[in-house]
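*Asks:* using only what follows, build the 3D model:
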Amino acid sequence: MLGEGWTRGTYGSAGTGWKFTNGDKSVFYHPGGGVHEGSYVGISSGQMGKVKVVGSDYKPLAGDKATIIQK
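*Replies:* Model prediction:
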């Protein structure tokens, strides 16, 4: 679906989420728990930075540079 050149990996400090990367681009999912508590999905690239789509249970951290979109 993403096309050629994408590599699958784990995401999050506990490694319970997933991510696909291709160069400086990534698509990721975190199932929740840990410092942010709630689950979220996101995309990032060098050009646009990181964007997270979060639910009401997501807890942002001070200094998080991601653009947060509430679903």
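*Asks:* for stretch 48-59, buried residues please.
*Replies:* Burial within stretch 48-59, assessed by neighbour count using 16 or more other C-beta atoms under 10 Å, is assigned to 52, 54, 58. Heads up, the C-betas are built off the backbone N, CA and C, glycines and all.
*Asks:* now stretch 5-15
*Replies:* Residues of stretch 5-15 classed as buried: 11-12 (neighbour count, 16+ other C-beta under 10 Å).
*Asks:* quick one: end-to-end length of it, please.
*Replies:* Stretch 5-15 stretches 22 Å from its first residue to its last (C-alpha to C-alpha, to the nearest Å).
*Asks:* and that stretch, what's its mean pLDDT?
*Replies:* Stretch 5-15 shows a mean pLDDT of 93.
*Asks:* looking at this structure, which helix or strand does the model trust least?
*Replies:* In the chain, no helix or strand scores lower on mean pLDDT, DSSP states H and E than strand 67-70, which sits at a mean of 94.
*Asks:* for it, name the packing helices and strands.
*Replies:* The contact analysis (3 or more C-beta pairs under 8 Å, 6 or more residues apart in numbering; DSSP states H and E) places strand 67-70 against strand 49-54.
*Asks:* can you rerun that using 10 Å?
*Replies:* If you count contacts as 3 or more C-beta pairs under 10 Å, 6 or more residues apart in numbering; DSSP states H and E, strand 67-70 packs onto strand 40-45, strand 49-54.
*Asks:* output the last one as CSV, restricted to C-alpha atoms.
*Replies:* Read it as strand 49-54. What follows is strand 49-54, C-alpha atoms only, in CSV (Å, rounded to 0.1, in the frame of the first residue of the first chain):
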residue,chain,number,x,y,z
GLY,A,49,8.0,17.5,10.9
LYS,A,50,5.9,15.1,13.0
VAL,A,51,2.1,15.1,13.1
LYS,A,52,0.2,12.9,15.6
VAL,A,53,-3.5,12.2,15.5
VAL,A,54,-4.6,11.5,19.1
